[in-house]
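Novice: fold the following and give me the result.
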Amino acid sequence: MLRLLGILITVVCAIAVAVLTWPSFFRVDRIYPIAQIISFRSVLLAAFIALTLLMLLVAFVRPMRAFALSVALVFGLASVASGAILLTRGVSGTDALPEQTDTSIRVMTWNTAGDATPPETVAKIAVAMDADIVALPETTIETGEAVAIAMRALDHPMWAHHTEYGDDGWDASSTTLLISPALGDYAIIESSLEGTSNTSTLPSAVAMPTDGSGPTVVVAHAVAPREAYMDSWRSDLQWLADQCADSNVIMAGDFNATVDHFGGLGTNGGTLGDCHDSAVDTGSGAVGTWPSSIRALAGAPIDHVMASSHWVATGSVVLRTLDGSGSDHRPLIVQLEPAE
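Specialist: Model (predicted):
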């Protein structure tokens, strides 16, 4: 009887770790509470390693040896698989972006947590990184304009655009986009402004070039996957995937989702719609951008810069030196080059 119980527990453990390691294969990556658990794959890896060691210690008890070794094997394989996935996505990225070229574009995304991050701080980082596009979820147009003015004072002019839901004074109801005049004239499309085609709870912004050239720029802000908002969160991710159906799209922002949550949402080999995740492509896809209160490798990489087939990512940096700046997110900066 005990032997059968041990086999049953081992099988249950094997199924559980398989689901948590490859959630999209089992189509549970956007199901509560698995969606929340898999957001922190590095923490899961640490848990798998700890359980492996614990079972190896239990194996010293002779009556428990066979059971403990079989469970240790399950968690050990899960540790290897999870570690390999993290290493493939990239746990370090680059210390600096590549040298800019005449055709490169730098994109910075930073959820500033409203006025918790001083506009001057945002401006200095954006100028230091020589950003051409700055995506600022949870940022009002007033704060965005203050950032643009500060950047202009640093000889780096930007145009400020925004969209908002209502006038409730809640910073999360606003999303701001800064675009360099060098990229041409842009305007937020009407459906995005009116919310007739947008993310469900927090506003995203879709900016189109008014001169007919240049990429479509999408600033994303999906609602967080709290239990009461799971349907809205899933709808938001689908809407964002739908925005990436063109070959010349750059999408950046707070997706409140990691690449583990995008199963079935990619098309033509893309991560989300036709877009590819730039951080994963350049070796920093496993570096956590939230929350900034814990170590980056233990956090969740929920902020992304994505680009469709017209662009190739050549470098990415998650800034870890600004964890005390006020925001609970870390800035992500990516350099893109036109695909040949």
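
Novice: could you use CA atoms for every contact and neighbour count after this?
Specialist: Noted.

Novice: what residues sit buried inside stretch 294-302?
Specialist: If you call a residue buried by 16 or more other CA atoms under 10 Å, then stretch 294-302 has these buried ones: Ala296, Leu297, Ala298, Gly299, Ala300, Pro301, Ile302.

Novice: ditto for stretch 51-62
Specialist: Here stretch 51-62 shows Leu51, Thr52, Met55, Leu56, Val58, Ala59 as buried, counting by 16+ other CA under 10 Å.

Novice: out of those, which are inside helices?
Specialist: Among those, the members found in helices (DSSP state H) are Leu51, Thr52, Met55, Leu56, Val58.

Novice: the third one and Val74 touch, don't they?
Specialist: No: proximity of Met55 to Val74 does not meet the contact threshold set by CA atoms under 8 Å, at 10.1 Å.

Novice: shaky segments in this protein?
Specialist: Residues of the chain meeting the criterion pLDDT under 70: 1-2, 93-94, 168-170.

Novice: packing partners for the host helix or strand of Glu142?
Specialist: Using DSSP states H and E, the element containing Glu142 is helix 141-153. The helices and strands touching helix 141-153, judged by 3 or more CA pairs under 8 Å, 6 or more residues apart in numbering; DSSP states H and E, are helix 119-128, strand 159-164, strand 174-179.

Novice: and that helix, which residues are buried?
Specialist: Buried, per 16+ other CA under 10 Å, within helix 141-153: Ile141, Thr143, Gly144, Glu145, Ala146, Val147, Ala148, Ile149, Ala150, Met151.

Novice: got CSV for those, with distance to Leu44 too?
Specialist: CSV is the format used below for the buried residues of helix 141-153 (distance: CA to CA, whole Å):
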residue, distance to Leu44
Ile141, 39
Thr143, 37
Gly144, 37
Glu145, 41
Ala146, 41
Val147, 38
Ala148, 40
Ile149, 43
Ala150, 42
Met151, 41
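
Novice: hmm, back to that, winner for burial among the helices and strands packed on helix 141-153?
Specialist: strand 174-179 (a mean of 26; mean count of other CA atoms under 10 Å).

Novice: closest one to Ser192 among the helices and strands packed on helix 141-153?
Specialist: strand 159-164 (7.3 Å; CA to CA).

Novice: parallel or antiparallel, list what pairs with the closest one.
Specialist: strand 174-179 (antiparallel) (DSSP bridges).

Novice: could you chop the protein up by domain?
Specialist: 2-89, 105-338 (automatic domain parsing).

Novice: which one of those domains lies nearest to Glu99?
Specialist: Of all the domains of the chain, domain 105-338 sits nearest to Glu99, with 9.3 Å by CA to CA.

Novice: the closest one: end-to-end distance?
Specialist: From its first residue to its last, domain 105-338 covers 9 Å (CA to CA, to the nearest Å).

Novice: number the residues from 10 up from this point.
Specialist: Got it, the first residue is 10 from now on, which makes the last one we talked about domain 114-347.

Novice: and it, how far from the chain's centre?
Specialist: Taking CA atoms, centre = their mean, to the nearest Å, one finds domain 114-347 lying 9 Å from the centre of the chain it belongs to.

Novice: state which helix of the protein is the longest.
Specialist: Max-length helix for the chain by DSSP H is helix 74-98.
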